[in-house]
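1. here is a sequence with its predicted model. Questions after.
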Amino acid sequence: MTILDTYPHNKNMLKNILKKISWLGITNKSLYEDSKRIEFSNQIYLFLTFVSFFYAAVFFWIQSYYLMALALSTQLLYISALILNSFGRFKWASFLVIANAATAIYLASSITGKDVSGQVLFVFLFPLTNMLFSKKDKLLKRICLTFPLIAFVLLEVTNYTFFYQAPLSPPVIKALSISVFIMTSSILYFMFQFYIHIFQHVKNSLNQIVSIYPLTEREVEIILEVLKGKNNKDAGLSLFIEESTVKNHLKSIFKKLNVKSRTELMAKCMN
């Protein structure tokens with residue numbers, strides 16, 4: 001039997017391994033949105049682990065051993081985040097990843113200099129922070145949002161200087177700059193796909209609910225506002241109606257869908 005004969009099997013085995021890693025920490029009790037957030041975080045952590053390994057290999061090749069050590073230590077922390085997720089410590093895994101990424105980008109940008117454009121990587125940390133943390137973790141989210149901001153300001157204030165500067169040739173600087181763009185674009189694409197899946201699931205769920213229950217167009221609009229986490233006042237402002245009108249519509253929605261609270265309504269729509 002040749003290696004070509006075993007390729008499909010190996011391919012399926014790899015897919016199964018990646019799927020198992022992506023589902024670390026997901027339980028039967030997890031709601032769809034929570035499950036997708038956990039799956040997304042695992043995939044991002046795994047992607048960042050591979051990226052760190054790639055950069056470690058590149059830095060080893062150009063004999064920049066400080067940067068190689070930085071990339072390897074960063075990789076270990078991303079693996080630690082995956083382990084934390086497997087134990088259900090999602091918010092601490094997220095905190096570790098954002099703090100680790102901000103620190104690594106700051107150090108790498110200081111060592112390689114401004115021309116490599118490593119500071120561009122800070123861009124994805126802001127939306128990533130919002131996606132990784134749930135609404136219950138507002139304090140941790142706010143703290144994490146300051147990490148890339150402080151790191152970027154430090155880079156500008158210090159003019160991208162550090163106790164050690166890597167002597168990089170122009171071709172290496174250009175290649176690293178291109179890799180920064182590719183990495184940033186890839187992560188932003190993953191984020192976009194996450195919201196596409198969430199939106200499509202909600203849309204399908206609402207279509208199914210509308211086909212079963214006699215909901216009006218206004219009631220569907222209010223359900224969408226509830227799914228965004230808005231209270232009655234904010235929902236009313238978004239839809240240009242009074243808060244009392246939103247309350248009346250919600251009473252009708254609860255009765256039609258046989259639910260007793262906003263939490264039950266969200267669970268019914270998301271599941």
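-> That came through, no problem.
2. can you give me the helices in the chain?
-> Using DSSP state H, the helices of the chain run over 3-22, 32-61, 65-86, 90-112, 122-132, 138-157, 170-212, 217-227, 232-239, 243-257, 262-270.
3. in this structure, where is pLDDT below threshold?
-> Within the chain, the segments meeting pLDDT under 70 span 1-11, 29-32, 201-202, 270-271.
4. and if we set it to 90?
-> The model of the chain has pLDDT under 90 over residues 1-40, 62, 130-131, 133-138, 161-168, 183-184, 186-231, 234-241, 256-258, 260-271.
5. quick one, domains of it?
-> Domain segmentation of the chain under automatic domain parsing yields 3-193, 213-270.
6. tell me which of those domains sits nearest to residue 205.
-> Among these, the nearest to residue 205 by Cβ to Cβ is domain 213-270 (5.2 Å). Yep, even glycine has a C-beta here, placed from its N, CA and C like the rest.
7. now the closest one: how far from the chain's centre is it?
-> From the chain centre to the centre of domain 213-270 is a distance of 28 Å (Cα atoms, centre = their mean, to the nearest Å).
8. ok, now stretch 63-74?
-> Chain-centre distance of stretch 63-74: 25 Å, with Cα atoms, centre = their mean.
9. what comes into contact with it?
-> When contacts are defined by Cβ atoms under 8 Å, 6 or more residues apart in numbering, stretch 63-74 is touched by residues 48, 52-53, 55-56, 59-60, 100-101, 104, 107-108, 111-112, 164, 166, 168.
10. if you set the cut-off to 6 Å instead, what comes out?
-> For stretch 63-74, the external contacting residues (Cβ atoms under 6 Å, 6 or more residues apart in numbering) are 52, 55-56, 59-60, 104, 107, 111, 164, 166.
11. can you pull the buried residues of it?
-> Within stretch 63-74, the residues scored as buried using 16 or more other Cβ atoms under 10 Å are 64, 66-68, 70-71, 74.
12. picking up where we left off before, most tightly packed of the helices of the chain?
-> Comparing these by mean neighbour count (mean count of other Cβ atoms under 10 Å), helix 90-112 comes out on top with a mean of 22.
13. output it as PDB, restricted to C-alpha atoms.
-> These are the backbone C-alpha positions of helix 90-112, laid out as PDB (Å, rounded to 0.1, in the frame of the first residue of the first chain):
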ATOM      1  CA  PHE A  90     -13.100  30.500  28.700                       C
ATOM      2  CA  LYS A  91     -12.800  34.100  30.100                       C
ATOM      3  CA  TRP A  92      -9.300  33.400  31.500                       C
ATOM      4  CA  ALA A  93      -8.200  31.800  28.300                       C
ATOM      5  CA  SER A  94      -9.400  34.900  26.400                       C
ATOM      6  CA  PHE A  95      -7.600  37.200  28.800                       C
ATOM      7  CA  LEU A  96      -4.400  35.200  28.400                       C
ATOM      8  CA  VAL A  97      -4.600  35.300  24.600                       C
ATOM      9  CA  ILE A  98      -5.300  39.000  24.300                       C
ATOM     10  CA  ALA A  99      -2.500  39.900  26.900                       C
ATOM     11  CA  ASN A 100      -0.100  37.500  25.200                       C
ATOM     12  CA  ALA A 101      -0.800  38.700  21.700                       C
ATOM     13  CA  ALA A 102      -0.500  42.400  22.600                       C
ATOM     14  CA  THR A 103       2.800  41.800  24.400                       C
ATOM     15  CA  ALA A 104       4.200  39.600  21.600                       C
ATOM     16  CA  ILE A 105       3.200  42.200  19.000                       C
ATOM     17  CA  TYR A 106       4.800  45.000  21.000                       C
ATOM     18  CA  LEU A 107       8.000  43.100  21.600                       C
ATOM     19  CA  ALA A 108       8.300  41.900  18.000                       C
ATOM     20  CA  SER A 109       7.500  45.300  16.600                       C
ATOM     21  CA  SER A 110      10.200  46.900  18.900                       C
ATOM     22  CA  ILE A 111      12.800  44.400  17.900                       C
ATOM     23  CA  THR A 112      12.100  44.300  14.100                       C
END
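14. okay then, goodbye and thanks.
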